[in-house]
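In: using only what follows, build the 3D model:
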Amino acid sequence: MTNPKKIPQRKKEVMMNNLFNIKNTALPENVRQLLNLRQVDNFSLKLFKCANFFNKDRFEDSDDLSILINGKKAIKPAFYVKKYKTGKKFSEQEWYLDVTIHQFNKVDLEYCQIQTELSVEGLCSKHEAIPLTTDWRLAIGIGNASVFENGITLHHVYGFPYLPASSIKGITNHYAQDMLKDENENEKLGDDKVTKKDYNDIFGTEKNEGKIIFFDAFPQALANNSVQPDIMNNHYQDYYTEGKAPADWLSPNPVLFLTLKDVAFTFYIGIKKYADEQLLDKAKSWLETALTNKGIGAKTAVGYGYMKEP
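Out: Numbering: from 1, shown residues only. Have a look, this model is predicted:
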């Protein structure tokens with residue numbers, strides 16, 4: 001059995017390139033010829049546009065993921081396969097995730113953080129950096145279109161997982177709206193008061209731009225166990241899709257998706273020049289409360305997406 005911790009970096013690179021060899025993709029032949037590449041560098045493109053398909057004998061226990069390519073049974077190596085054949089041995093799922101993390105870490109995450117800070121300082125008169133880490137698992141972008149049933153949000157340029165500014169602003173906005181609805185009750189409980197004026201100043205209106213800028217949040221680091229596969233087990237599929245009786249003999253229909261676990265992020269927000277700097281303190285408070293009490297991403301109702309202080 002291959003131990004992922006003992007795989008040299010160069011060998012990881014070769015393994016990853018073999019896994020995502022463009023010859024194994026379902027891209028049209030003329031497209032592959034035009035690209036004239038053995039493999040694609042950007043991992044986001046690899047995952048979503050250049051999915052690879054291998055013969056079924058490269059995997060164990062993979063009938064549920066098999067498909068037909070040119071009349072032959074093949075399977076997508078979608079992070080979810082329990083064992084993958086390397087030579088004469090089968091490697092555990094951990095190996096596949098390990099070489100994937102190695103691919104993410106080809107990008108200097110510290111450099112990306114520095115670039116974000118420079119952008120923040122250039123656009124804002126004052127800003128706040130809020131370090132938070134996932135409390136459990138985070139599912140971001142599983143509704144994105146993907147050949148793997150469910151997606152994950154990856155940076156289009158760098159290829160690693162991240163939290164888009166639009167999602168961060170959206171959950172903060174949602175929290176503030178809830179607070180506005182319950183304004184009287186919140187005052188009784190001693191919670192921070194959310195006024196309509198503050199809300200409009202921070203998020204903007206149809207006539208005026210908001211005075212707070214939200215930025216993408218990048219991971220501070222990605223470890224070998226940062227990306228974890230998870231499962232939603234749908235029951236009685238025939239009942240919901242075809243109207244058949246919800247009988248006990250119907251098999252569950254597992255849906256697989258990728259999550260992030262034990263990942264620290266730095267959230268940046270800044271205030272535009274000549275705006276009231278007190279708005280920044282309020283926006284920071286709303287953002288922290290939203291991320292720790294409401295969560296971000298998918299499946300927050302069952303515990304995903306919550307943040308905590310590191």
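
In: could you use CA atoms for every contact and neighbour count after this?
Out: Noted.

In: domain ranges for the protein, per the record?
Out: When the chain is parsed with automatic domain parsing, its domains come out as 4-104, 109-308.

In: what ranges do the helices span in the stretch 201-310 of the chain?
Out: Shown for the stretch 201-310 of the chain, the helices assigned by DSSP state H, counting those that start in this stretch span residues 237-242, 278-293.

In: need phi/psi at Gly303.
Out: When read as degrees, to the nearest 10, the backbone of Gly303 gives phi 100, psi 0.

In: give the contact list for it.
Out: Contact analysis of Gly303 by Cα atoms under 8 Å, 6 or more residues apart in numbering lists Trp136, Arg137.

In: could you report the distance from Ser285 to Ile168?
Out: Per Cα to Cα, to the nearest Å, Ser285 is found 13 Å from Ile168.

In: more neighbours, the two?
Out: Taking neighbours as other Cα atoms under 10 Å, Ser285 and Ile168 compare with Ile168 leading, 23 against 13.

In: list the buried residues for the helix or strand where that one lies?
Out: With secondary structure defined by DSSP states H and E, Ile168 is part of helix 165-181. Buried residues in helix 165-181, defined by neighbour count with 16 or more other Cα atoms under 10 Å: 165, 167-173, 175-177, 179-180.

In: cool, and stretch 223-238?
Out: For stretch 223-238, the neighbour count (16+ other Cα under 10 Å) marks Asn224, Ser226, Val227, Gln228, Pro229, Asp230, His235, Tyr236, Asp238 as buried.

In: then it to CSV, C-alphas only?
Out: Coordinates of each C-alpha in stretch 223-238 appear next as CSV, following Å, rounded to 0.1, in the frame of the first residue of the first chain:
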residue,chain,number,x,y,z
ALA,A,223,-2.9,20.4,4.9
ASN,A,224,-3.1,16.9,3.6
ASN,A,225,-6.5,16.4,5.3
SER,A,226,-8.0,19.8,4.3
VAL,A,227,-10.1,18.4,1.5
GLN,A,228,-12.5,15.7,2.6
PRO,A,229,-15.2,13.8,0.7
ASP,A,230,-18.6,13.6,2.2
ILE,A,231,-22.0,12.1,1.3
MET,A,232,-25.7,12.9,1.1
ASN,A,233,-27.7,9.7,1.2
ASN,A,234,-31.0,10.2,-0.7
HIS,A,235,-33.7,7.7,0.2
TYR,A,236,-36.8,6.6,-1.8
GLN,A,237,-35.6,8.1,-5.1
ASP,A,238,-38.2,6.3,-7.1
